[in-house]
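Enquirer: 3D, please:
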Amino acid sequence: AEDFRNIRSLKDDNGKQKWVFSGANDEDYGDSVDWLDEVSRTAITHNHNLTFRGGGKTTSLIGSLNYSNRQGTFKKSDSENIRGRLEVTHRMFNDKLTTNLAIIANERTTGAGFNSNVYRYACIQNPTQPIYNEDGSYVERDVYFYDNPVSLLNETQGMTRSRNVRFTGSVTYKPTSDLTLKAMYTRKGQSYLNGYYYTKQHPNTTEGGNNGYASRYTSDYINNLVELTADWHKQIGKHNLGAIIGYNYEDEMSENFSVNNKDFPTDGYSYNKLQAGNGIKDGRAGMSSYKEDSKLIGLFARATWNYDDRYLFMFSLRREGSSKFGKDHKWGTFPGASIGWRLNNEEFMKGINWLDNLKVRAGFGITGINVGAPYYSQASLDYSGYFFYNGKWINSLGPVRNANPDLRWEKKYEYDVGIDFDLFGGRL
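Expert: Now for the predicted structure:
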């Protein structure tokens, strides 16, 4: 504030005020406020970890637990996080059969969250302007994009909680030393819950006339993945052969719901009784919801051949089907192949000691790219807006998107030719 006053007191050679102030800094209001100090603090963070291990000859177990609490430099930017992990592995039948179970869970909770406008307003606020009026209300001035950062911070109540859980179970069976059969299942779940409230002293009310504003939002996401594979490797003389075939299935579902209301009789409900707001009666409340799901199925195979670590060959094929595409274009086929020649293992290269690796390679492959949203191939109608007809308000129905039955996999063709080399013991 003193720096501000000193600058205002500067005069030019003619005795006139050197700097002319306008807008928020139009005058000295007589106070002295460090606005950044009012909205920030010296934050404290603490973190705790607990890990345990156990097991025996055929069973192993590992678990961990982490707790962290971070205040944040700005007030009300607290964050609390709890994360746990447990994994159990058991081997049977002379290690031919291995089972594994793992679960990871995480919960993160924050307060009202940091509003970037609080920092902006604190940086540009007139340091001679008081925080409160004489009656205890906040000083709010009729200047564009210039709210009181303290009121913006103090009069916002909120909570955000997110939870993530992932479970994975697998069974691996090795009937012979050359063959490995594996089945795996993974389920992921993510949930999100948010609530916030602007009190009657918040600029949203004092300037916008909302008389209290509350909102709630929740979302849920679930993903299931199943994968079955058979992996075979065989060494026959100088021939190293390998093959893998597999199947995977994946589905996912996402949904959300949000509602808001305004004009509340009291601040006491916060965001926990949205039906108490009069905005519903006046048609000023809002709500929305959404749900989508999709499926993806894949069949894949890969074969490799390596002769004497000199001649290398690989061929792969993937057949995938997605529910997101048009009726006759849900499936796509994506091959790939590569060859390589490791020259440094040839007899005519044995005398070159400064060359550690030299490989010539070439490859070709097609990659399938799935579309983002799940319903682009289908026609869509939506209710949007109302019109008055025959004494009633009618919710109008109109087209949003035309059907696109030819929507199909995007294919990316890749060609690769290269030389790999290591020189001077890997230095280059």
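Enquirer: Mind jotting down where the helices sit in the stretch 51-200 of the chain?
Expert: Counting by DSSP state H, counting those that start in this stretch, residue ranges of the helices within the stretch 51-200 of the chain are 116-124, 149-154.
Enquirer: For the first one, which residues meet the burial criterion?
Expert: What it means is helix 116-124. The neighbour-count check on helix 116-124 (16 or more other CB atoms under 10 Å) flags 118-119, 121-122 as buried. Where C-beta positions appear, they are placed from N, C-alpha and C, glycine not excepted.
Enquirer: Could you find which two of those residues are furthest from each other?
Expert: Distances among the buried residues of helix 116-124 were taken as CB to CB; the most separated pair is 119 and 121, at 7.5 Å.
Enquirer: what do these two both touch?
Expert: With contacts taken as CB atoms under 8 Å, 6 or more residues apart in numbering, residue 119 and residue 121 have residue 149 as neighbours in common.
Enquirer: for the closest residue in space to residue 352 that isn't next to it in sequence, helix, strand, or coil?
Expert: In this structure, residue 352 finds its nearest non-sequential neighbour in residue 344, 7.7 Å apart by CB to CB, 6 or more residues apart in numbering. Assigned with DSSP: H, G, I helix; E, B strand; the rest coil, residue 344 falls in the helix class.
Enquirer: can you pull out the strands in the stretch 151-300 of the chain?
Expert: Along the stretch 151-300 of the chain, counting by DSSP state E, counting those that start in this stretch, strands occupy 156-173, 179-198, 213-236, 239-262, 286-307.
Enquirer: Any chance of a markdown table for these, columns mean pLDDT?
Expert: As requested, those are exported to a markdown table (pLDDT from 0 to 100):
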| stretch | mean pLDDT |
| --- | --- |
| strand 156-173 | 96 |
| strand 179-198 | 96 |
| strand 213-236 | 97 |
| strand 239-262 | 96 |
| strand 286-307 | 95 |
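Enquirer: Using TSV, lay out those strands together with mean neighbour count and distance to residue 77.
Expert: Putting those into TSV (neighbours: other CB atoms under 10 Å; distance: least, CB to CB, whole Å) gives the following:
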stretch	mean neighbour count	distance to residue 77
strand 156-173	16	11
strand 179-198	17	14
strand 213-236	16	19
strand 239-262	16	23
strand 286-307	14	27
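Enquirer: thinking residue 376 is in contact with residue 400, fair?
Expert: No - using CB atoms under 8 Å, residue 376 makes no contact with residue 400, being 11.3 Å away.
Enquirer: which one of those two has more residues nearby?
Expert: For residue 376 versus residue 400, neighbours defined as other CB atoms under 10 Å are more numerous around residue 376 (15 against 9).
Enquirer: for that one, what are its contacts?
Expert: Residue 376 touches 324, 401, 404, 407, counting by CB under 8 Å, 6+ apart.
Enquirer: How about residue 161?
Expert: Counted by CB under 8 Å, 6+ apart, residue 161 has contacts 107-110, 192-194.
Enquirer: before we move on, the earlier item: scan the contacts of residue 376 and report the most crowded one.
Expert: Counting by other CB under 10 Å, top hit in the contacts of residue 376: residue 324 with 19 neighbours.
Enquirer: give me the element that residue is part of.
Expert: Secondary structure assignment for residue 324, by DSSP states H and E: no helix or strand.
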